[in-house]
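> Build me a structure from this.
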Amino acid sequence: MKTTTLSQTNLQSKKWLALAVLCTAQFMVIMDTSIIGVALPAIQKSLNYTPSELQWIFNAYVIVFGGILLLGGKLSDLFGPKKIFMWGFSILTIASLLTGLSWSETSMNLGRAAQGLGAALIAPSALTLLMTIFTDPKELGKAFGFWGAAAAAGGSAGVFLGGLLTEYLSWRWTFFINLPLGIIVMFAGSSLLIKGNRLKHKIDYIGSILITLVITLLVYTLIMVEKNGWTSTVTLLLFGLTSLLFLVFVLVQKKSKTPILPLSIFKVPNLTAGNIIMLLMAGSWIPLWFYLNLYLQQTLEYSAFYSGLALLPMTIAIMILMVGVTGKLIAKFGFKSTLVTGLLALTGSLIWFSFVPVNGDFLNNVLGASLLGAVGMSLAYIPGTMASMSGAKPEETGLASGIANTTYQVGSAIGLAIVVVLAVSTTSQEIANGAINKEALNIGFQTAFKAAAGISGISVLVAIIGIKKIK
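Modelled structure (predicted):
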């Protein structure tokens, strides 16, 4: 009897240790999208980037990450999530070393693309492992709380660590920091993670190539909208080509015996609405984070280091709420009510931020709105993620997680592209009307927050209409 009890205790502790490995992976993947932001000026000076080329340090990562995510989820189903997870971490760790050693623009961009490839394999396989390890609904909810907190911590820690490392060591350490974390995760993951389910059929290579091209081209087009304009010939041609490739992809999926994206998966209750919500949530949250950093540094004139400190209350609140509160609220008030409340709070936070003044301060204009945003993201992210994967068959969890991660990344690109265009055009118009630069810039920030609030408001409607109640 004692042996059985001891064995069960060991299994339980191993599950939570495995979760720690997966949360570290989530932390790293999200951190890598934000940590280089503060370091960009130092990298530009060191590697002689022009202002127009500098954006590719970020874009090379996002394009490959978003483009390969769905394929990464499918590979997880076919070869087993643990194997793909370990492959992804090997690629990410080696790519981080090479990126940190970059000697030119080309080597930096290729290194960032390789980091995106590793992250695209890690993200869906890690989520599949989480849902495979935790089958009890209560444990799964708690595990999702830690998972969501790791994502939030990664995003804000990236900004803080980016400033700290760049200021006191070198921009190269924004990449080298992945080396010890990657080695620890690979070592611990080899013994703690289970192999998971594995399918035995052929890969839909044509469908894989087509959907990767569609997503990559879509993200690339949206990123370039700021330069080319929404109605330019280049943008319209790229959108047209993306649409054509997508139609071909749909036809291929209908005829394929083993499609990479079985269209029937979107008939699953909540999955489609959940993914739309994830897209809209990212499309409002990423601009909030992006423009809050700009407001802190360019309007309030905080240094990179103190800007990171200003984000800590929001980060800590998200971690505490996701781990200790969200799961309990879902159990007490229901899945849908918690999701809608969270999205309403996120929308309210963005509306609050849309009134930030030029002569503002942290206590009166940032702290309250950022904490409300933390409440919103904490309550919405977990049920949104669960909805985007709900009802998927066990052999399709990797695919569902790939779709969920893809919609979040594409939503980030779409939301930020729309918001940036509106903010920049507003600032330019204000300058043309005679406003001084700082005031014009701040009006542009206000426009950005209003646009993001509109995107978040749409997600509220989708949640109310499209999500079925889950107890």
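> So which bits of the longest helix along the chain are buried?
For the chain, the helix with the greatest residue count under DSSP state H is helix 397-432. Buried residues in helix 397-432, counted by 16 or more other CB atoms under 10 Å: 397-423, 426-427, 430-431. The C-beta positions use only the backbone N, C-alpha and C, and glycine is treated the same way.
> So which elements touch it?
Packed against helix 397-432 by the contact rule (3 or more CB pairs under 8 Å, 6 or more residues apart in numbering; DSSP states H and E) you find helix 56-79, helix 105-133, helix 205-228, helix 271-294, helix 368-389, helix 437-466.
> Can you check which of the ones you listed gets nearest to Leu19?
Closest to Leu19 of the helices and strands packed on helix 397-432 is helix 105-133 (CB to CB; 6.9 Å).
> how far is that closest one from where the chain is centred?
With CA atoms, centre = their mean, to the nearest Å as the basis, helix 105-133 stands 12 Å off its chain's centre.
> Quick check: mean pLDDT of it?
In this model, helix 105-133 has an average pLDDT of 86.
> ditto for stretch 273-287
On average, stretch 273-287 scores 89.
> What is the burial count for Gly334?
Residues near Gly334, counting by other CB atoms under 10 Å, number 15.
> Kindly report the same for the one 4 residues further on.
Burial of Thr338, expressed as a neighbour count using other CB under 10 Å, amounts to 23.
> any weak-confidence spans in the stretch 251-400 of the chain?
Scanning the stretch 251-400 of the chain for pLDDT under 70 picks out 304, 390-399.
> hmm, try it at 90
252-275, 282-283, 285-339, 358-363, 378, 381-400 (pLDDT under 90).
> again with the stretch 51-200 of the chain
In the stretch 51-200 of the chain (pLDDT under 90), the answer is 51-86, 89, 104-106, 109, 116, 119-171, 174, 177-178, 180-200.
> burial count for Gly342?
The number of residues near Gly342, taken as other CB under 10 Å, comes to 27.
> Kindly report the same for the one 3 residues further on.
Residues within reach of Ala345, counting by other CB under 10 Å, total 21.
> need the contact list for it.
Leu372, Gly373, Val375, Gly376, Leu379, Ala380 (CB atoms under 8 Å, 6 or more residues apart in numbering).
> list the contacts for the closest residue to it other than its chain neighbours?
What sits nearest to Ala345 in space, not counting adjacent residues and going by CB to CB, 6 or more residues apart in numbering, is Gly376, at 3.4 Å. By CB under 8 Å, 6+ apart, the contact list for Gly376 reads Gly342, Leu343, Leu344, Ala345, Leu346, Thr347, Gly348, Ser349.
> Isn't the first one up against Ala380?
I take that to be Gly342. Yes. The criterion here is CB atoms under 8 Å, and Gly342 meets it with Ala380 at 3.1 Å.
> can I see the domain layout of this protein?
13-140+170-201, 204-259, 262-471 (automatic domain parsing).
> Out of these, flag the one nearest Ala149.
domain 262-471 (4.1 Å).
> before we move on, the earlier item: what distance do you get for the residue nearest to Ala345 to Ala369?
11 Å (CB to CB, to the nearest Å).
> Common neighbours of those two, please.
Ser349.
> What pLDDT is listed against Val250?
pLDDT, read off for Val250, is 88.
> can you pull the contacts of it?
Neighbouring residues of Val250 by CB under 8 Å, 6+ apart: Leu263.
> Now with 7 Å, please.
Contact partners of Val250, counting by CB atoms under 7 Å, 6 or more residues apart in numbering, are absent.
> Show me which residues of the strand or helix carrying it are buried.
Take DSSP states H and E as the rule and Val250 turns out to sit in helix 233-255. Counting neighbours by 16+ other CB under 10 Å, one finds that the buried residues in helix 233-255 are Thr235, Leu238, Phe239, Thr242, Leu245, Phe246, Phe249, Val250, Val252, Gln253.
> tell me the angle of that helix relative to helix 205-228?
Relative orientation of helix 233-255 versus helix 205-228 (axes from the mean of the first three to the mean of the last three CA atoms, to 10 degrees): 160 degrees.
> Mind listing residues that contact stretch 279-289?
155, 346, 350, 353, 373, 377, 380, 384, 407-408, 410-412, 414-416, 419, 448, 452, 455-456, 458-459, 462.
> How confident was the prediction at the closest residue to Ile351 other than its chain neighbours?
Distances taken as CB to CB, 6+ apart place Ala453 nearest to Ile351, at 4.9 Å, with adjacent residues excluded. Per-residue confidence at Ala453 stands at 95 (pLDDT).
> Against Ala387, how distant is Ala453?
In terms of CB to CB, Ala453 sits 22 Å off from Ala387.
> swap in Lys74?
21 Å.
> follow-up on the earlier one: tell me the most packed of the contacts of Ala345, by neighbour count.
Most neighbours among those, by other CB under 10 Å: Ala380, with 29 neighbours.
> if I read this right, Trp272 contacts Phe266, doesn't it?
If you look again at residue 272, you'll see it is Thr, not Trp. Yes. Contact criterion CB atoms under 7 Å: Thr272 and Phe266 qualify, at 4.8 Å.
> between those two, who's got more neighbours?
Thr272 (17 against 11).
> what sits against that one?
Thr272 touches Phe266, counting by CB under 7 Å, 6+ apart.
> Return the alpha-carbon coordinates of stretch 278-298 using CSV.
The C-alpha trace of stretch 278-298 is given here as CSV (Å, rounded to 0.1, in the frame of the first residue of the first chain):
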residue,chain,number,x,y,z
MET,A,278,-7.2,34.4,-30.1
LEU,A,279,-6.5,36.3,-33.3
LEU,A,280,-8.4,39.4,-32.0
MET,A,281,-6.9,39.2,-28.5
ALA,A,282,-3.4,39.2,-29.9
GLY,A,283,-4.4,42.0,-32.3
SER,A,284,-5.2,44.2,-29.3
TRP,A,285,-2.8,43.0,-26.6
ILE,A,286,0.4,43.3,-28.8
PRO,A,287,-0.3,46.9,-29.8
LEU,A,288,-1.0,47.7,-26.1
TRP,A,289,2.3,46.3,-25.1
PHE,A,290,4.1,47.9,-28.1
TYR,A,291,2.7,51.4,-27.6
LEU,A,292,2.9,51.4,-23.8
ASN,A,293,6.6,50.9,-24.2
LEU,A,294,6.8,53.8,-26.7
TYR,A,295,4.7,56.0,-24.4
LEU,A,296,6.9,55.3,-21.4
GLN,A,297,10.1,56.0,-23.4
GLN,A,298,9.2,58.7,-25.9
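> which one is Thr212 nearest to, not counting chain neighbours?
The shortest distance from Thr212 to any non-neighbouring residue, by CB to CB, 6+ apart, is to Gly67 (5.0 Å).
> Could you tell me how many residues sit around Gly66?
For Gly66, using other CB under 10 Å, the count is 28.
> The residue nearest to Ala345 and Ala143, how far apart?
21 Å.
> Leu78 now?
Leu78 is 24 Å from Ala143, where distance means CB to CB.
> more neighbours, those two?
Ala143 (23 against 20).
> What does that one show for phi and psi?
phi -60, psi -40 (degrees, to the nearest 10).
> I figured it hits Ala20, correct?
No. Using CB under 7 Å, Ala143 is not in contact with Ala20, being 10.6 Å away.
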